[in-house]
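J.: Model the structure of this input:
(one chain, ligands or ions: 1)
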Amino acid sequence: MKKRTVFVLLTSVSLLVAGAVQANGEGDAAKGKVVYEGTCVFCHGENGKGEIPGTPNFTKADGVLAQDDAVLISHIIDGFESAGSAMPMPANGGNPDLSDEDVEDVLAYLHQAFGS
Ligand code: HEC
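T.: Residues are numbered from 1 along each chain as shown. You can find the predicted model right below:
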């Protein structure tokens, strides 16, 4: 009985710590999946390999997701066009309702689902 109480206590403490870490800037991949499916999937595709010409393949090991998170966040928020690109990435994926938190969440999802 006693051991069980200690176990339950420890589990709650670690859950609390995990929650606090998540609130401190790390994105929530589960929420990010919803953002991805609502805003990004039309161009970037379910499998992250790109639905339309000009979109990068997110699953490539040394691809765009290997960049610094700060760079990726700013490219998602402000939009981005690489040299000789067939099409630019629209600011916030073209969705004016996207918050900075949504962007952190969707980036966490990109890393979880596609790598780097
Ligand atoms: C209308 C189509 C479209 C939508 C919607 C879109 N993207 Fe993109 N995205 C692109 C294109 C095209 C590129 C490549 C731009 C280039 O290299 O010039 C790109 C590039 C990127 C890159 C790589 C940037 C870099 O540094 O090379 C990331 C990350 C990205 N998109 C994330 C997202 C996320 C997250 C969303 C949803 C919030 C989203 N995109 C929605 C078209 C889109």
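J.: residues from the protein in reach of the ligand?
T.: Counting by Cβ under 6 Å from any ligand atom, the positions of the chain adjacent to the ligand are 39-40, 42-44, 54-56, 64, 67, 72, 75-76, 80-82, 85, 87-90, 93-94, 106. (Each C-beta comes from the backbone N, C-alpha and C, glycine too.)
J.: Buried only: go through the residues you listed for me.
T.: 39-40, 43-44, 55-56, 64, 72, 75-76, 80, 89, 93, 106 (16 or more other Cβ atoms under 10 Å).
J.: if I pick residue 31, what's in contact with it?
T.: 102, 105, 109 (Cβ atoms under 8 Å, 6 or more residues apart in numbering).
J.: Might you calculate how far the strand or helix carrying it sits from the centre of the chain?
T.: Following DSSP states H and E, one finds residue 31 within helix 29-35. Remark: helix 29-35 is offset 7 Å from the chain centroid, using Cα atoms, centre = their mean, to the nearest Å.
J.: Could you do stretch 80-94 as well?
T.: Taking Cα atoms, centre = their mean, one finds stretch 80-94 lying 18 Å from the centre of the chain it belongs to.
J.: quick revisit: could I get the contacts of residue 31 as a markdown table with neighbour count, secondary structure and pLDDT?
T.: Listed next are those as a markdown table, based on neighbours: other Cβ atoms under 10 Å; DSSP: H, G, I helix; E, B strand; the rest coil; pLDDT from 0 to 100:
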| residue | neighbour count | secondary structure | pLDDT |
| --- | --- | --- | --- |
| 102 | 23 | helix | 98 |
| 105 | 23 | helix | 98 |
| 109 | 23 | helix | 98 |
